[in-house]
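Visitor: Mind folding the following:
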Amino acid sequence: MSADSIKKNLDLINSELPSSVRLVAVSKFKPVEDVAAAYDAGQRTFAESRPQELKMKAESLPADIKWHFIGHLQTNKIKMVVPYVELIHSVDSEKLLMEIEKYCLNNNLYCNVLLELHIASEETKQGFSCDEVIALLDSVAGQLKRVKICGLMGMASFTDDESLIRREFASLNSIFDLIKSKGYPFLQDFKIKSYGMTNDYRIAVEVGSNMVRIGTAIFGERNYQ
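Guide: Numbering: from 1, shown residues only. Coordinates of the predicted model:
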């Protein structure tokens, strides 16, 4: 896609989003040139889903870019992600959370994360249930010195049924509010609701998302090969 098209797409999306909603441009599988075009158009926050691709882009693009990681993260790839990112969206197990904590302790780093919730009807999507995320927070209370849990991430079902999407996002809001109501002292920065993508970000924003992850509507369809 041309740099002009990318700029026009970004301008359109930004004109729709309230100032309280942060746009994360999903640049996975897109060339460095496309990221550079979005950067030149004013975008500063980008998301990747593969550790090697994240590392390569972070090392070759401007240093003031804020990188986010949104893919499934294997524990043996933590070292390729944590040093480069502002935020990991996809913490989906206690093991992964504590391995990130261990890596940060051993390397004098800090890391911000979101807990991934499973709110969709598809079984293929990953993440915690409501009961599981509460159990996790009870389990790790007092253990996190270097990792900061900043909120929740979720993906709605891939469907044209807007009422279903709205219900799924509303369920994530309910879990967010439940967690806040418990008053965990280590969740002082628990503020981010990361949900909404190209197909459903308008609904997500209506329901209460304050961070949307948009790729196709900015960069066009991806070639996954």
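
Visitor: got the contact list for S60?
Guide: V32 (C-beta atoms under 8 Å, 6 or more residues apart in numbering). Glycine gets a C-beta too; all of them are placed from N, C-alpha and C.

Visitor: Can you classify the residue nearest the centre of the chain as helix, strand or coil?
Guide: When C-alpha atoms, centre = their mean is applied to the chain, the residue found nearest the centroid is H89 (3.5 Å). Secondary structure for H89, judged by DSSP: H, G, I helix; E, B strand; the rest coil, is strand.

Visitor: Distance of M197 relative to G215?
Guide: 7 Å (C-beta to C-beta, to the nearest Å).

Visitor: Look at the two and report which has more neighbours.
Guide: Per other C-beta atoms under 10 Å, whichever of M197 and G215 has more neighbours is G215, with 22 against 19.

Visitor: give me the low-pLDDT residue ranges for this protein?
Guide: For the chain, the stretches with pLDDT under 70 are 122-125, 223-225.

Visitor: Strands along that one, start to end?
Guide: For the chain, applying DSSP state E gives strands covering 22-26, 45-48, 66-69, 85-91, 111-117, 147-154, 192-194, 211-214.

Visitor: Can you list the strands that the longest one pairs with?
Guide: The sheet places strand 147-154 alongside strand 111-117 (parallel), strand 192-194 (parallel), with pairing taken from DSSP bridges.

Visitor: distance of K55 from N106?
Guide: 19 Å.

Visitor: Who's the closest spatial neighbour of I6, skipping the chain neighbours?
Guide: Spatial nearest neighbour of I6, excluding adjacent residues (C-beta to C-beta, 6 or more residues apart in numbering): A37 at 4.6 Å.

Visitor: and the one you found, how far is that from L105?
Guide: 38 Å.

Visitor: Tell me who's in contact with I165.
Guide: Residues in contact with I165 (C-beta under 8 Å, 6+ apart) are A156, S157, T159, D200, I203.

Visitor: In PyMOL, select just the buried ones from those residues.
Guide: In PyMOL syntax, the buried subset of the contacts of I165 is picked out as below (16 or more other C-beta atoms under 10 Å):
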select buried, resi 156+157+200+203
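
Visitor: which of the contacts of I165 lies closest to V26?
Guide: Checking the contacts of I165 against V26 by C-beta to C-beta gives D200 as the nearest, at 13.6 Å.

Visitor: if you skip the residues just before and after it, what's nearest to the closest one?
Guide: Nearest to D200 is I165, by C-beta to C-beta, 6+ apart, at 5.1 Å.

Visitor: now E162
Guide: I203 (6.2 Å).

Visitor: same question, E86
Guide: K66 (4.4 Å).

Visitor: show me what contacts that neighbour?
Guide: R44, T45, F46, E86, L87.

Visitor: still on that earlier bit, of all the strands paired with strand 147-154, which lies closest to V140?
Guide: Closest among the strands paired with strand 147-154, using C-beta to C-beta: strand 111-117, at 10.4 Å.

Visitor: how much space between K145 and Y110?
Guide: In terms of C-beta to C-beta, K145 sits 9 Å off from Y110.

Visitor: returning to what we had before: tell me what the residue nearest to E86 is bridged to.
Guide: T45.

Visitor: Between its first and last residues, how far does stretch 175-188 reach?
Guide: In stretch 175-188, first residue to last residue: 16 Å (C-alpha to C-alpha, to the nearest Å).
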